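Student: Sequence first, then the predicted structure:
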2 protein chains.
Amino acid sequence: MSAEEPAVRRRRGPSMADVARLAGVSGQTVSRVANDRHNVDAATRDRVQAAMRELGYRPNSAARALRNGQFRSIGVIVFELHSFGTTRTLDAVAAAATISGYAINLLPVLDVNQSAVTNAFSRLGEQAVDGVIILIEAHTLDEAGVLLPEGLPVVVVDSSAHYDYPIVDTNQAQGARLATEHLLDLGHETVWHLGGPPTSFAADRRRRSWELTLKQRGREVPPVLDGDWTPGSGYEAGRELAANPDVTAVFAANDQMALGLLRALHERGRVVPHDISVIGFDDMEEAAHFWPPLTTIRQNFAEVGRLSVDALIREIQAGEHHHDPVAVPTKLVVRSSTAPPRKSAS
Amino acid sequence: MSAEEPAVRRRRGPSMADVARLAGVSGQTVSRVANDRHNVDAATRDRVQAAMRELGYRPNSAARALRNGQFRSIGVIVFELHSFGTTRTLDAVAAAATISGYAINLLPVLDVNQSAVTNAFSRLGEQAVDGVIILIEAHTLDEAGVLLPEGLPVVVVDSSAHYDYPIVDTNQAQGARLATEHLLDLGHETVWHLGGPPTSFAADRRRRSWELTLKQRGREVPPVLDGDWTPGSGYEAGRELAANPDVTAVFAANDQMALGLLRALHERGRVVPHDISVIGFDDMEEAAHFWPPLTTIRQNFAEVGRLSVDALIREIQAGEHHHDPVAVPTKLVVRSSTAPPRKSAS
DNA sequence: ACACGCGATGTTGACGTCAACATCGATCGC
DNA sequence: GCGATCGATGTTGACGTCAACATCGCGTGT
């Protein structure tokens, strides 16, 4: 009746002081045991550990972070997890961070519009992180970028060169060249391109590299079809492409669009690879089981994730700014969706 | 020469005291401004905010957490992000948590073996989280489950009933029934099943429900083929199924296996849905663009994520244990991979 | 004119941990 | 045998924030 419970129960667990009392030692000795310091007597250590177990003691990371001035945590800013690449990279980042003893703080941007991004970055200011990895396409970032808290180490995973932060990404240009050359080497006159959204630096790099490769070989550069990474946009583009008898080879900027493209070609009765060759980009798990199995460019997401974390941790711990962009090479994976062109009326 | 820099630079930003000094007020007033308390004079507030901006002040969340005894952060334990469902759920969880003002701590389990899981859980003890959502299949969890720190609110996203924690998941049974009935209603004699791995509760539920539905309709129950969720396993199973002329309808326990299955059927020249109908489960983005577009069961991952977060936050804030499992209904999405059976020799 | 109330602001201390320093007893070298 | 050394342990204070309490000044009602 008289005593009021607080609205939010605080589960404060036992503290070092509690353990110390039970074990009959000082708090400092408990701290030493908790941190695996060597200068503790074996018997004492046992006693302390027993007390810890009995009380279910867990070190309070907030107090630790406050004391040490470090959170041992890195924030990862992502837009939706729908994108295959983002997900895979996040996976690799999380693994690498965990191995290095850093926790991962996932910071989703709920909406692409600028105020949401800005909002996410300002929330960042209050986040318990020592550094940040940005996994959203930099164009989106561009307008809001200014608002990043100063003095917070940042690594951007994208292919923009315009950033003042260290950059790690797949070598988009090399991958696109690989794709284009593969089709050219099979004997195709030229290669059409189903590109990613114009707002994406990665898409831009792939497009440019495809174009450059064609030009270097003296081939005609067909108009680009712009998609938005989704299978749906690949399908739309595919309907156009299927109607054009000149098209014998298409380089889709990712596997998902390639999937939509394949569907459109099936619907129109264009046989892959007999009538048209298709190559993708990413090598998602499913690509090997598309119909027909998709020739594609494999991105090494694990490496991208690992390198991003390494770069960020170096920056956090040593203040190193490593401004040379890191480009992770790709690999051509040949399956059944590409073949030499059918000898036709030429 | 005399002063040694610490190995790890601590970027300690300005604190309330610094802001207070600059603005000529007490630390407490700064705190009030930072927390949007109303009882601060407008002029004072402006002065403090100006000082904050000038110094680039960001509240220290470690100190806050220490003071408040709460982190406002929830941990999400995941195995790899490769699984489509996990990723989508994580996405929804992250969004819901952010909206509720909670941060997300991603806690990857690096390896499925038991010691890795155990390890992840013991790491959990040191994590700055108020509660935990477990996104790994509970069978894996089973053996290690005992080691979960006591007193830490937990919500499990899975279909096990054996847990002492609140459970949220898709209504697997209802979904599997929907799938099976759809094929039966089209006129198929019976429905074959390409199941998920035996270690998965979700797979188990789907299998049981498929079986029950067949029995209730007095149909023969064909032997189950066990996959492991991957397209590859679907392909293997598909080769068997394709060789069996009795098979006219297959319910694959997820879309990825359905994809592999479709590929195997194409290879053997069995036409979908003319010769064989195929239905999947999940409704992943790509399913609409498989060849043929896949009829499937749509899971409402967003809802699962939202409800998990809600349940966890209720538990954190009120200590409520809501032990009735929450089952989120699914929806049948009809596309082109299912059709009535070809009238054959019957 | 006086007590009272109320809003704005300041002061104090505690949250849990751990580095730095202090202490104490034992072993070592000569 | 005695100071030096070393290892085990204890004591103190500070990290940044904010609830609780204290204070101060001004307007209000009678």
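Tutor: Alright, I've got the coordinates.

Student: Listing request: residues of chain A with sub-threshold pLDDT.
Tutor: A:1-11, A:112-114, A:138-148, A:161, A:322, A:344-346 (pLDDT under 70).

Student: Can you pull the residues of it lying near DNA strand C?
Tutor: Residues of chain A found near DNA strand C (CB under 7 Å from any atom of the strand) are A:12, A:15-17, A:27-28, A:31, A:34-35, A:59-60, A:63-64, A:66-68. Every C-beta, even on glycine, is put in place using the N, C-alpha and C of the backbone.

Student: In helices only, show me the residues you listed.
Tutor: A:Met16, A:Ala17, A:Gly27, A:Gln28, A:Ser31, A:Ala34, A:Ala63, A:Arg64, A:Leu66, A:Arg67, A:Asn68 (DSSP state H).

Student: Reformat those residues as JSON lines; add neighbour count and distance to DNA strand D.
Tutor: Listed next are those as JSON lines, based on neighbours: other CB atoms under 10 Å in any protein chain shown; distance: CB to the nearest atom of the strand, whole Å:
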{"residue": "A:Met16", "neighbour count": "21", "distance to DNA strand D": "10"}
{"residue": "A:Ala17", "neighbour count": "11", "distance to DNA strand D": "10"}
{"residue": "A:Gly27", "neighbour count": "14", "distance to DNA strand D": "6"}
{"residue": "A:Gln28", "neighbour count": "11", "distance to DNA strand D": "3"}
{"residue": "A:Ser31", "neighbour count": "16", "distance to DNA strand D": "8"}
{"residue": "A:Ala34", "neighbour count": "18", "distance to DNA strand D": "13"}
{"residue": "A:Ala63", "neighbour count": "15", "distance to DNA strand D": "7"}
{"residue": "A:Arg64", "neighbour count": "19", "distance to DNA strand D": "9"}
{"residue": "A:Leu66", "neighbour count": "19", "distance to DNA strand D": "4"}
{"residue": "A:Arg67", "neighbour count": "11", "distance to DNA strand D": "4"}
{"residue": "A:Asn68", "neighbour count": "13", "distance to DNA strand D": "8"}
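
Student: What are the boundaries of the strands in the stretch 201-346 of chain A?
Tutor: A:225-226, A:249-252, A:277-279, A:296-298, A:326-328, A:331-333 (DSSP state E, counting those that start in this stretch).

Student: from the middle of its chain, how far away would the fourth one be?
Tutor: I take that to be strand A:296-298. 16 Å (CA atoms, centre = their mean, to the nearest Å).

Student: and the strands of the stretch 201-346 of chain A as a markdown table, adding distance to A:Ile104 and mean neighbour count?
Tutor: Shown next, in a markdown table, are these (distance: least, CB to CB, whole Å; neighbours: other CB atoms under 10 Å in any protein chain shown):
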| stretch | distance to A:Ile104 | mean neighbour count |
| --- | --- | --- |
| strand A:225-226 | 34 | 18 |
| strand A:249-252 | 32 | 30 |
| strand A:277-279 | 34 | 27 |
| strand A:296-298 | 25 | 26 |
| strand A:326-328 | 20 | 20 |
| strand A:331-333 | 27 | 15 |
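
Student: of all these, which lies closest to A:Lys215?
Tutor: With CB to CB, the closest approach to A:Lys215 among these belongs to strand A:249-252: 14.6 Å.

Student: List, out of the residues of chain A next to DNA strand C, those positioned next to chain B.
Tutor: A:Arg12, A:Pro59, A:Asn60, A:Ala63, A:Arg64, A:Leu66, A:Asn68 (CB under 8 Å from any CB of the partner chain).

Student: Need the residues you listed in JSON lines (columns: distance to B:Ala249).
Tutor: Listed next are these as JSON lines, based on distance: CB to CB, whole Å:
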{"residue": "A:Arg12", "distance to B:Ala249": "58"}
{"residue": "A:Pro59", "distance to B:Ala249": "56"}
{"residue": "A:Asn60", "distance to B:Ala249": "57"}
{"residue": "A:Ala63", "distance to B:Ala249": "60"}
{"residue": "A:Arg64", "distance to B:Ala249": "58"}
{"residue": "A:Leu66", "distance to B:Ala249": "61"}
{"residue": "A:Asn68", "distance to B:Ala249": "61"}
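
Student: Now for A:Arg270, how many residues are close by?
Tutor: Applying other CB atoms under 10 Å in any protein chain shown, we find 18 residues neighbouring A:Arg270.

Student: what residues are up against it?
Tutor: A:Ala242, A:Ile276 (CB atoms under 8 Å, 6 or more residues apart in numbering or on different chains).

Student: ok, now how distant is it from A:Ala179?
Tutor: Distance, A:Arg270 to A:Ala179, using CB to CB, to the nearest Å: 20 Å.

Student: circling back to that earlier point, in CSV, list the strands of the stretch 201-346 of chain A along with distance to A:Arg45.
Tutor: Formatted as CSV, these follow (distance: least, CB to CB, whole Å):
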stretch, distance to A:Arg45
strand A:225-226, 65
strand A:249-252, 61
strand A:277-279, 61
strand A:296-298, 50
strand A:326-328, 44
strand A:331-333, 51
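
Student: Ok, which of those strands comes nearest B:Lys343?
Tutor: Using CB to CB, the strands of the stretch 201-346 of chain A put strand A:277-279 closest to B:Lys343, at 36.0 Å.

Student: Quick one: distance of the closest one to the chain centre.
Tutor: For strand A:277-279, the distance to the chain centre is 25 Å (CA atoms, centre = their mean).

Student: what does stretch A:19-33 give?
Tutor: Per CA atoms, centre = their mean, the centroid offset for stretch A:19-33 relative to its chain is 43 Å.

Student: before we move on, back to that, go through the residues of chain A next to DNA strand C and name the one nearest B:Leu261.
Tutor: Out of those, the member with the shortest distance to B:Leu261 (by CB to CB) is A:Pro59, at 49.7 Å.

Student: and the gap between the one residue in the stretch 201-346 of chain A that gets nearest to DNA strand C and A:Asp310?
Tutor: Closest residue of the stretch 201-346 of chain A to DNA strand C, CB to the nearest atom of the strand: A:Gln317 (15.2 Å). As judged by CB to CB, A:Gln317 and A:Asp310 stand 11 Å apart.

Student: repeat for A:Asn39
Tutor: Distance, A:Asn39 to A:Asp310, using CB to CB: 32 Å.

Student: More neighbours: which of the two?
Tutor: Taking neighbours as other CB under 10 Å, A:Asn39 and A:Asp310 compare with A:Asp310 leading, 16 against 6.

Student: residue contacts, that one?
Tutor: A:Ala96.

Student: Could you do A:Ala327 as well?
Tutor: By CB under 8 Å, 6+ apart, the residues touching A:Ala327 are A:Asp169, A:Thr170, A:Asn171, A:Gln174.

Student: looking at these, which has the most residues close by?
Tutor: A:Thr170 (29 neighbours).

Student: interface residues of the stretch 1-150 of chain A facing DNA strand D?
Tutor: A:24-29, A:32, A:38-41, A:43-45, A:63, A:66-67, A:69.

Student: at 10 Å what do you get?
Tutor: A:4, A:6, A:16-17, A:20, A:23-33, A:37-45, A:47-48, A:62-69, A:126 (CB under 10 Å from any atom of the strand).

Student: what residues does stretch A:206-213 touch?
Tutor: A:172-177, A:179-181, A:184, A:191, A:193, A:195-196, A:221, A:224, A:251, A:253, A:281.

Student: neighbours of the residue lying closest to A:Ile136 once chain neighbours are set aside, just the number please.
Tutor: The shortest distance from A:Ile136 to any non-neighbouring residue, by CB to CB, 6 or more residues apart in numbering or on different chains, is to A:Phe79 (4.6 Å). As a burial measure, A:Phe79 scores 21 neighbours (other CB under 10 Å).
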